[in-house]
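# fold the following and give me the result.
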Amino acid sequence: MIVPSCSDDYDDSEIKERLDKVENRVTALEKWCSIINSEIASLKRLITALENKDYVTGVETLENGYKITFSKSGSITIQNGKDGGDGEDGKTNWLTDVDGNMIRTTGNDGVDGSSGNNAPTPIMKTGIELGNDYIPDAVYLSVDSGESWKKVSGDRGEQGVQGPKGDSLFKNVDNSNDDYVIFTLQDGTPIEISKWFASSQEPVPTGIIILDYTTMPIVKGGQAQIKLRVNPSGFKVTKENIELDVWNSDTYFLDDKNNMSRASYVTPSDYYELVKIEPDKNTTNEELEGQWIATIQSKGVGNYRNLSELSLVVNYTDSKGDVQRISCPQSILVETVPTVEEGIAFSYSKVQTIYTTETNINPYMLFTNFKFYKNTEGEIWHYNMKLIAEVKTELDESLLTADTESLYDKHYISFTPNMEASIWKELTEGKTKKASSSAKIKLIDFAGCCKELDLPIVYCPSNINLKLELSAKEGNKYQNTSESYFINIGNELAEYGLVQDVISELTMPAIQGFTEDDSLMEGHFPMAIEEMGICTGKIFNPILGFYVYKEAIPGTRNYDPYDETLPTITIGITSIAQELVTPFSLVALNIKLYMEIIE
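Residues are numbered from 1 along each chain as shown. Have a look, this model is predicted:
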């Protein structure tokens, strides 16, 4: 601080008094700068509200001013103004720098520019705040975010600041009009901003109506669209002011052997989400006034089907700042269904015999079983085959032909071998034990979800000759006893494709096996088949039980030249498609047994 040097003209008390006055003036200026900076920021917010066509939603009287709330730009606080000086002859005395240039009060902080909204907010400080290079009791202005400062008022001595003489830039706030608020500056300049309910920018919604909507199921994870109208047409609908309303909801869970699965959810509304709202348009891409399209997303985890009544609610904030809700008097029934992958189960035997009779070709069967779902009331729903929009097959057409027409009403797809192909001819002529090809099947639902299967199509002969070797040592342990001598022929039949898991993919298999045993002839083969087992659960496990009625001697055969017949066993595997009552013969195998006694 610059102080005059001591002389005989001033005693110590006078010097102290002058220093106190300077210090008090600096303190007052600092306080005034703080207030005026706040007022400049408020004025900037006020002008920004004008530029953005914002409107006032509330005016609250404070102890020392007003709190003004806007619909878009938050709130500001304005202090009560003290009487200030008007300009000469009614002209405005606006804040100016020392060169007489007007101080800008609009713009974005920290962004420099010469006009419009690009100018930074002015900042005012006293010289004592800025340092030794500035006059302590002068007021300085920065219009470039503090990069440089210009003196706008105050030299050493008693000179006052230029511009308004009060603590506030605002002289008065008039809230008496029903349609607008008037903010009067110290120089008499009025700023008028409309009140919320008088604004033409945001009309108050009065009603919401659901327009045409084609009810159709949503595949889980998919979307549906709802057309609606909001009155009046000038109200702008956004994701922030519209929401879903779930009236009723009912969920059917997968019923798998009486063990119902559960979808993960907290409330029924968690099954659906409003993900987009956009203006409705006509065929020429023009927006339809007041009409909107809401896009609904299906959610949820688990294998389930859901039925819900959905409606919509529009929200708005009234002039008091309270949120109001406008409900739609209508609802739409929305159905979420499982994907085709979840709703359909494939079923097939891993081998079939090439013929069903001596001459009838046996089509290879792929059963398409729908799954069942149950709600908490015990009501049943099953997957609807009509939800499948397309069926595709890929195969070697020189070997197979596919028939998909029976999928929808008979619940199976069949593949028929072309018997002119060499692989099937060699099988029927006994040159090979099995022959195979493959087919790829795709079931596509209306939402584009796909269920795929690479189906191995394996055929074996309908009649086979099987050579068995029976142990004399083991068999004689059971001679003339009530117990049987058991042997497993699974390894022999596996060479024909009849492996342990041959029926594992069938949901409704029926297995049968029986024998026609003519080996019990006096003086002939010492063993006779008396029982037969085919499966253990779903494991193919063919076992023959022999009754040993006399001593087994190594080298004995049942196919000596004088034998007229051989023991025969028959194995059959059948299954049935859903909704049908006629079973399909998948395996009709006749096996002639050539048996020999070994050590």
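# does Ile487 touch Leu468 like I think?
Yes: when contacts are counted by CB atoms under 8 Å, Ile487 is listed as touching Leu468 (7.1 Å). Every residue, glycine included, has its C-beta placed from N, CA and C.
# between those two, which one's more packed in?
Ile487 (20 against 15; other CB atoms under 10 Å).
# who are the contact partners of that one?
Contact analysis of Ile487 by CB atoms under 8 Å, 6 or more residues apart in numbering lists 468, 470, 543-544, 546.
# how about the strands in the stretch 451-599 of the chain?
In the stretch 451-599 of the chain, the strands defined using DSSP state E, counting those that start in this stretch lie at 463-471, 485-488, 510-516, 527-536, 539-548, 568-575, 584-598.
# as TSV, the ones you listed with distance to Val230 and mean pLDDT would be great.
Shown next, in TSV, are the strands of the stretch 451-599 of the chain (distance: least, CB to CB, whole Å; pLDDT from 0 to 100):
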stretch	distance to Val230	mean pLDDT
strand 463-471	76	93
strand 485-488	76	94
strand 510-516	62	85
strand 527-536	66	89
strand 539-548	65	93
strand 568-575	57	93
strand 584-598	58	93
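# which of those sits closest to Asp187?
Closest to Asp187 of the strands of the stretch 451-599 of the chain is strand 568-575 (CB to CB; 95.9 Å).
# contacts for that closest one?
Under the contact criterion CB under 8 Å, 6+ apart, strand 568-575 has outside partners 347, 349, 365, 367, 498, 502-503, 506-517, 529, 532, 534, 542, 544, 583-593.
# how does it look with 6 Å?
Defining contact as CB atoms under 6 Å, 6 or more residues apart in numbering, one finds that strand 568-575 is touched by 349, 506, 508-516, 583-592.
# buried subset of these?
Neighbour counting over the contacts of strand 568-575 (16 or more other CB atoms under 10 Å) leaves 349, 506, 509, 511, 513, 515, 584-592 as the buried ones.
# of the contacts of Ile487, which pair is most distant in space?
Across the contacts of Ile487 (CB to CB), the longest gap, 13.6 Å, separates Leu470 and Ile543.
# show me which of those two is the more surrounded one.
Using other CB under 10 Å, the more surrounded residue of Leu470 and Ile543 is Leu470, with 22 against 17.
# ok, for that one, nearest residue in space, not its chain neighbours?
Spatially, and ignoring its direct neighbours in sequence, Leu470 is nearest to Ile597 (5.5 Å; CB to CB, 6 or more residues apart in numbering).
# what's around that neighbour, how many residues?
Residues lying near Ile597 (other CB under 10 Å) number 22.
# now do the contacts for it.
By CB under 6 Å, 6+ apart, the contact set of Ile597 is 470, 472, 552, 554, 556.
# quick one: the helices in the stretch 251-400 of the chain?
Per DSSP state H, counting those that start in this stretch, the stretch 251-400 of the chain carries helices over the ranges 340-343.
# in the stretch 401-550 of the chain, which spans are helices?
In the stretch 401-550 of the chain, the helices defined using DSSP H, counting those that start in this stretch lie at 407-410, 422-428, 472-475, 490-494.
# show the buried residues in the contacts of Ile597.
Using 16+ other CB under 10 Å as the burial test, those include 470, 472, 552, 556 as buried.
# and which of these is nearest Lys220?
For the buried ones among the contacts of Ile597, the minimum distance to Lys220 (CB to CB) is 58.2 Å, reached by Leu470.
# how close does that closest one get to Leu498?
Distance, Leu470 to Leu498, by CB to CB, to the nearest Å: 21 Å.
# with Asp256 instead?
When distance is defined by CB to CB, Asp256 is 29 Å away from Leu498.
# closest one to Ile457 among the helices of the stretch 401-550 of the chain?
Per CB to CB, nearest to Ile457 of the helices of the stretch 401-550 of the chain: helix 422-428, 10.7 Å.
# buried residues, that closest one. List them.
424, 427-428.
# tabulate these (CSV), appending pLDDT.
Shown next, in CSV, are the buried residues of helix 422-428 (pLDDT from 0 to 100):
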residue, pLDDT
Trp424, 95
Leu427, 94
Thr428, 92
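# in the stretch 301-450 of the chain, where is pLDDT below threshold?
Counting by pLDDT under 70, the stretch 301-450 of the chain shows low-confidence ranges at 319-320.
# one more time with 90, if that's ok
Across the stretch 301-450 of the chain, the ranges flagged by pLDDT under 90 are 301-302, 316-324, 330, 356-360, 376, 409, 430.
# so which residues make contact with stretch 229-249?
The contact list for stretch 229-249, computed with CB under 6 Å, 6+ apart, reads 203, 205-209, 211, 268-269, 274, 277, 289-292, 308-311, 313-315, 331.
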